[in-house]
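S.K.: I need the structure of the sequence given here:
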Amino acid sequence: MQLSAGRVTLLLALHSALRAAAVAARAEHNEIEYNAVDNDLAVAEDEMSLPSFVKWIGNVTAPVGKDVTLHCSVHNLGKYRVGWMKSDTRTILTVYDLVVTNNPRISISHDLQHTWSIHIRQLKKSDHGCYMCQLNTKPMRSQMGCVDVQVPPDIVSSESSSDRSLAEGDSARLTCTARGYPPPTITWRREDGQPIYVLGDFRNGQKVRQVTGSTLNLTRATRRQMGAYLCIARNDVPPAISKRIFVYVNFRPEIEVQQQLLGIILGGDVTLDCHVEAFPNTVNYWLNQRDEILLGGQKYSLSEQKRGYRVIMRLRIMRVSRADIGVYRCFASNSMGTSEASIRLHHMQRPPAPAGHGRQTGARHTEAPITAPTPSSAASRRPADLTTALLVVLTRWR
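M.R.: Just a heads-up that it's a prediction; the model follows:
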């Protein structure tokens, strides 16, 4: 097929137009790429001109009352400004070299190079938290450092047990609440260093030197568990603190007499002892064989030796006469009850001097507790003669 001259001319013109359009499109694309590169370079230059942090601020740990400092190091600060704020409360503390908070314990310093330091004097518990160092760039740049304020332990008396009083056989629960940071550890010990009986009494319970925890349980308390207990709270911040809680165990008096029969030679002195265990404290007194209450004087000497819930009642009779021979009773009474015990005073004859010896002189034993001599094999089948036994004892003492 042959084309006319007009059609050929039209095709040539169309081809030239397409080529021109392609060249223009490529030129426009190259221009866009060049502009994007220029923008990237401009952004990079802006990034390089912005300030940056040199190093991490870091965290500080200190006890209450100490001074702390946080350092914010900035490179290429230029026209920008540094500010400090409390992160949790969003409170602005400083702007550049100006302190804007009303807290007189806060101050700011600059080393004239690139470090801005915030100082907190005499730390308080409320100073605990994180602090932000800000740069007023767009967008804002910031970094944080935290202050860990350690608080020494403190026992909350209103939430802890006070002195306790209970009857023997009852159980007691002692509590102790302490605050501080880090959270304190609580241990219990006896003030006198004696063991603590838990999970039962001293006969079948568990015996430990100390108990850890805010609660101390005394199960079926006995008189041996009476005393002062120390609740001790401690953490990593000295000093440790303690609270003293006294446990009173009430029980009726119990009296033990070690010698229920005492022998005495007339004219000598004799001492009678009664061992009492009781709490609360007892009213103690002696009665003679005529049920008369004995009072101190030239004839009688009364004394007591007290140690904890134990008391030794002591009666000393001077220049014993025949009228003093008989039964003496000791009494102990408190709010839990009354108890008594008796001691019999027995008259002994002075043994004759051994044959062939003159009169003996020297110290004279005036008290002679009655003890039976060991029977011989020949006399083991009949009771020992009391007079013979006394003679043997006195002969040995002489």
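
S.K.: looks to me like residue 276 is in a strand.
M.R.: Yes. Secondary structure assignment places residue 276 in a strand (DSSP: H, G, I helix; E, B strand; the rest coil).

S.K.: that one is in contact with residue 251, isn't it?
M.R.: No. The pair residue 276 / residue 251 is not scored as a contact, 11.6 Å apart, by C-beta atoms under 8 Å. C-betas here are computed from N, CA, C, even on glycine.

S.K.: which of those two has more neighbours?
M.R.: residue 276 (23 against 20; other C-beta atoms under 10 Å).

S.K.: please list all residues in contact with the more buried one.
M.R.: Residues in contact with residue 276 (C-beta atoms under 8 Å, 6 or more residues apart in numbering) are 253-255, 282, 284, 310-313, 330, 332, 339.

S.K.: and the helix or strand harbouring residue 252, what does it pack onto?
M.R.: Per DSSP states H and E: residue 252 is located in strand 241-256. Applying 3 or more C-beta pairs under 8 Å, 6 or more residues apart in numbering; DSSP states H and E, we find strand 241-256 packed against strand 141-155, strand 164-167, strand 172-175, strand 227-234, strand 270-279, strand 326-334, strand 337-348.

S.K.: next, format those strands as TSV and append mean pLDDT.
M.R.: Rendered in TSV, the data for those read as follows (pLDDT from 0 to 100):
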stretch	mean pLDDT
strand 141-155	96
strand 164-167	96
strand 172-175	96
strand 227-234	97
strand 270-279	97
strand 326-334	97
strand 337-348	95
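
S.K.: right, and those - which one's nearest residue 118?
M.R.: Across those, residue 118 has its closest neighbour in strand 141-155 (9.1 Å, C-beta to C-beta).

S.K.: show me what that closest one is packed up against.
M.R.: Packed next to strand 141-155, using 3+ C-beta pairs under 8 Å, 6+ apart, are strand 52-53, strand 60-63, strand 68-75, strand 129-135, strand 178-181, strand 227-234, strand 241-256.

S.K.: now these in CSV, with distance to residue 148?
M.R.: Shown next, in CSV, are the helices and strands packed on strand 141-155 (distance: least, C-beta to C-beta, whole Å):
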stretch, distance to residue 148
strand 52-53, 21
strand 60-63, 4
strand 68-75, 10
strand 129-135, 9
strand 178-181, 8
strand 227-234, 18
strand 241-256, 21
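
S.K.: so which of the ones you listed comes closest to residue 198?
M.R.: strand 227-234 (11.9 Å).

S.K.: what comes up buried for that closest one?
M.R.: The neighbour-count check on strand 227-234 (16 or more other C-beta atoms under 10 Å) flags 227, 229, 231-234 as buried.

S.K.: specify the angle between it and strand 141-155 in degrees.
M.R.: Relative orientation of strand 227-234 and strand 141-155, computed by axes from the mean of the first three to the mean of the last three C-alpha atoms, to 10 degrees: 170 degrees.

S.K.: going forward can the numbers begin at 830, since that is how I track them
M.R.: Yep, numbering from 830; the last one is strand 1056-1063 now.

S.K.: what residues does strand 1056-1063 touch?
M.R.: 982-984, 989, 1003, 1005, 1007, 1009, 1013-1021, 1023, 1025, 1045, 1069-1076, 1137.

S.K.: please tell me how far that strand is from the chain's geometric centre.
M.R.: Centroid separation between strand 1056-1063 and its chain, computed with C-alpha atoms, centre = their mean, to the nearest Å, is 5 Å.

S.K.: over to stretch 1164-1172?
M.R.: Distance, centroid of stretch 1164-1172 to centroid of chain: 40 Å (C-alpha atoms, centre = their mean).

S.K.: swap in stretch 1111-1123?
M.R.: 47 Å.

S.K.: average model confidence for it?
M.R.: Stretch 1111-1123 shows a mean pLDDT of 95 in the predicted model.

S.K.: what's the end-to-end length of it?
M.R.: Stretch 1111-1123 has an end-to-end distance of 17 Å (criterion: C-alpha to C-alpha, to the nearest Å).

S.K.: low-confidence ranges in the chain?
M.R.: By pLDDT under 70, the weakly predicted segments of the chain are 830-845, 847-848, 851-877, 1028-1034, 1182-1227.

S.K.: nearest to residue 1132, of the helices and strands packed on strand 1070-1085?
M.R.: strand 1099-1108 (9.7 Å).

S.K.: and the angle for the closest one with strand 1166-1177?
M.R.: Here the directions of strand 1099-1108 and strand 1166-1177 differ by 170 degrees (the same axes, to 10 degrees).

S.K.: and the following helix or strand past strand 1099-1108, what does it pack onto?
M.R.: The first helix or strand that comes after strand 1099-1108 along the chain, using DSSP H and E, is strand 1112-1116. Contact partners of strand 1112-1116 among helices and strands, from 3+ C-beta pairs under 8 Å, 6+ apart: strand 1129-1136, strand 1139-1146, strand 1155-1163.

S.K.: list the beta-bridge partners for the residue nearest the centre of the chain.
M.R.: Central residue of the chain (C-alpha atoms, centre = their mean): residue 1061, 0.9 Å from the mean position. Beta-bridge pairing of residue 1061, defined through DSSP bridges, involves residue 1016, residue 1071.

S.K.: if I look at it, how far off is residue 911?
M.R.: Computed as C-beta to C-beta, to the nearest Å, the residue 1061 to residue 911 distance reads 47 Å.

S.K.: try residue 926
M.R.: Taken as C-beta to C-beta, the span from residue 926 to residue 911 is 9 Å.

S.K.: the more surrounded of these two?
M.R.: residue 911 (23 against 11).

S.K.: residue contacts, the more buried one?
M.R.: Residue 911 neighbours (C-beta under 8 Å, 6+ apart): 901, 903, 925, 945, 962-964.
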